[in-house]
Each structure stands twice: as C-alpha cells, then as structure tokens.
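**Student:** Coordinates for the following, if possible.
(one chain, ligands or ions: 2)
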Amino acid sequence: MRSDKQRVAVWDTLIRLFHWGLVAAVTISFYTTKTEGTPFLFPIEVHAQAGYLIISLLVFRVIWGFVGSVYARFGTFLYSPKETATYTKALVARRASSYASHNPLGGWMVVIMLLSLSFQAISGLFLSDDIFFQGPFNELVGRDVSRELSRLHALNSDLLLILIGLHVAALTAHKLLGERLVTAMVTGVKYFKQSPADLQTSTTGKHRLQALAALLVAAGITGWLWFY
Ligand code: HEM
Ligand code: HEM
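**Tutor:** Ligands and ions are numbered 1, 2, ... in the order given. You can find the predicted model right below:
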C-alpha cells in the first residue's frame, strides 16, 4: 500500500522507551505536586522517585546522543544558527523539506526541553518541603540556597509546562500538514514521498554494547539516588 513511499527506520526501541517513559514520569511529577496526589499515601515521595527516574532517562539520552543510533545523535539533528534560520524561512514560506530525525527547529527545541528537565530534576535533589520530605542532597546546602532553589524549581516547572504545550502544538501543526510524527514515535518508522533532507547513507549498526553501558550507568544512578 505504501510501496510508492520510502520507508526509514528513524527511532530505535530505546529512544521510544525513553520518550514514553519520560512522558509518564513527568506526568507523575506534576500530578503529585499540582493535585492532592491520591491514591499515593506520600505523594512527595512518589514525586521524588519519578524525578530520579527522569534523571536516569536524561543521563541515558545524553549518552545515546553521542553513541546511539544515527538519527538519535545530537550530531545528526543539531544545525548551525544559519541553517536553522534558512529552515525557518522555508517553513514560513511552506517550502520546508522533511527530515527523518528532528528538523532544525525541533532539534533546538529538544535541547531546550532536555536542559529545562535537567535543571528541574537536579534542583529537586536539594529541596525539602519543610514537613515530610528532604531531598537526598538537601543537607549539603544551607536553608537560603535550598529556598532559592525551591523558587527556581517552581519557576522552571512553569517554563516546562509552556515548553510541553509548544511541543504538543508543534506536533499538531505537523499532523495538519500531513506528517505523522506521533505514529513514528510509536512504531519507529517514517514514510517519505521524497528523500528526507537528512537521510543517512550509513547507519551505525545495532550498538548493543553502547546500549548496555548507557542503560547500566542510567540504572546505577536511579538506584544510588533511591537508596542514598
Ligand atoms: C522533572 C522532574 C520534576 C518536576 C517536573 C517537578 C515539578 C515540581 C512542581 C510543579 C512543584 C510545585 C512547585 C510549586 O508551585 O510550588 C514541585 C515541588 C517540589 N519538588 Fe519537584 N519536580 C521534579 C523533580 C523533583 C525531584 C527529583 C525532587 C526531589 C528529589 C523534587 C522535590 C520537590 C519538593 C520537595 C517540592 C516542594 C517544595 C516546597 O514545598 O517548597 N522535585 N516540583
Ligand atoms: C510530558 C510531556 C512530554 C515531554 C517532556 C516530551 C519530551 C520530548 C523529547 C525530549 C523529545 C525528543 C526525543 C529525543 O530525540 O530524544 C520528544 C520528541 C517527540 N515527542 Fe514528546 N514529550 C512530551 C509529550 C509528548 C506527547 C503527549 C506526544 C504525542 C502526542 C509526544 C510526541 C513526540 C514526538 C512525535 C516526538 C518526535 C518529534 C520529531 O519527530 O521531531 N510528546 N518529546
């Protein structure tokens, strides 16, 4: 049925697990602070545990951005400001090419989201709610630093909500233009009428060893924070 289209395997299994795991953990992080947090007995504990998982997912993603599959690498989807501006102009004129990995604007958006998520999760480690919960590194900093980080944790959580809103809005716009990006993040595959602008001729193999190393480091960090 799709024989007239070029099939490209873009997102490997680990990237897809990373993405949907991140969506679940970030949802729990917000749920446990913005609502009563039922049915959890100690929502703030669950909040912190979701945060530890997010830290591991981010560590995995950064390693994978250097040694992972070709479309997941930062080197594949980060473009210079000039190239990004050229892409943006083409997008406005509705002449933009399709991309297998993130397009130039999407690539920078990914970096901003990863930075904001990292700040959010790492700052959380130094917080206390002054009642039940003390983050694992809370005692390493004084009360004033912890208070300031708490203010920034709240501020950055609003930024994160805005970024997530923009992310979903961009995906909706792509869908209206006929690009099925969400399906690709589920199945791993994209179909193109014309070759994508960033089509890679040499794939970088299966990376079993790199995957194992990245997963071990990420899992080690969660375990360490959990039992710290
Ligand atoms: C990406 C992960 C995280 C997200 C999205 C997130 C989000 C939030 C949000 C929305 C609040 C409420 C802010 C407010 O309006 O007052 C909050 C508070 C809090 N978070 Fe996080 N957080 C994350 C990670 C963490 C981690 C890893 C920890 C601890 C290990 C943590 C500890 C806390 C504490 C203790 C509070 C309450 C602070 C207070 O009562 O002043 N958070 N977080
Ligand atoms: C908590 C909310 C979310 C966060 C924090 C988030 C974060 C991210 C991140 C970091 C990436 C980059 C993936 C990578 O290269 O590692 C990404 C890509 C993507 N996300 Fe999300 N996401 C969220 C919600 C969603 C939702 C609700 C959907 C679907 C409806 C979605 C669909 C996608 C798709 C399709 C891509 C690939 C975009 C492309 O092809 O360039 N995300 N997301």
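
**Student:** Can you pull the residues of the chain lying near ligand 1?
**Tutor:** Neighbours of ligand 1 within the chain, by Cβ under 6 Å from any ligand atom: 26, 29-30, 33-34, 44, 47-48, 51, 54, 117, 120-121, 124-125, 127-129, 133, 135, 150, 153-154, 157, 160. Where C-beta positions appear, they are placed from N, C-alpha and C, glycine not excepted.

**Student:** same thing but at 5 Å, please
**Tutor:** With the criterion set to Cβ under 5 Å from any ligand atom, the chain comes near ligand 1 through 29, 33, 48, 51, 54, 120-121, 124-125, 127, 129, 135, 150, 154, 157.

**Student:** Just the buried residues of those.
**Tutor:** Among the residues of the chain next to ligand 1, those classed as buried by 16 or more other Cβ atoms under 10 Å are S29, A48, G51, I54, Q120, A121, G124, L125, L127, G135, S150, S157.

**Student:** Just the buried residues of the strand or helix carrying I162, please?
**Tutor:** For I162, the host element (DSSP states H and E) is helix 143-176. Residues of helix 143-176 classed as buried by neighbour count (16+ other Cβ under 10 Å): S146, L149, S150, H153, N156, S157, L160, L163, I164, L171, H174.

**Student:** ok, so what distance separates the residue nearest the centre of the chain from ligand 2?
**Tutor:** Nearest to the geometric centre of the chain sits L114, at 5.4 Å (Cα atoms, centre = their mean). Distance of L114 to ligand 2, computed by Cβ to the nearest ligand atom, to the nearest Å: 6 Å.

**Student:** Can you classify that residue as helix, strand or coil?
**Tutor:** Counting by DSSP: H, G, I helix; E, B strand; the rest coil, the backbone at L114 sits in helix.

**Student:** wait, doesn't it sit right on R61?
**Tutor:** Yes. Using Cβ atoms under 8 Å, L114 is in contact with R61, at 6.6 Å.

**Student:** rewinding a little: list the helices and strands the helix holding I162 packs on?
**Tutor:** Counting contacts by 3 or more Cβ pairs under 8 Å, 6 or more residues apart in numbering; DSSP states H and E, helix 143-176 is packed against helix 13-34, helix 104-124, helix 181-187.

**Student:** picking up where we left off before, with respect to K190, which of the buried ones among the residues of the chain next to ligand 1 is nearest?
**Tutor:** Taking Cβ to Cβ as the measure, I54 is the one of those closest to K190, at 26.7 Å.

**Student:** Check which helix or strand that closest one maps to.
**Tutor:** Here I54 is assigned to helix 43-67, by DSSP H and E.

**Student:** list the buried ones in that helix?
**Tutor:** Residues 43-44, 46-61, 63-65 are the ones in helix 43-67 that count as buried (16+ other Cβ under 10 Å).

**Student:** okay, the angle between it and helix 104-124?
**Tutor:** 140 degrees (axes from the mean of the first three to the mean of the last three Cα atoms, to 10 degrees).

**Student:** how near is the residue nearest to the centre of the chain to A9?
**Tutor:** Taking Cβ to Cβ, to the nearest Å as the criterion, L114 is separated from A9 by 23 Å.
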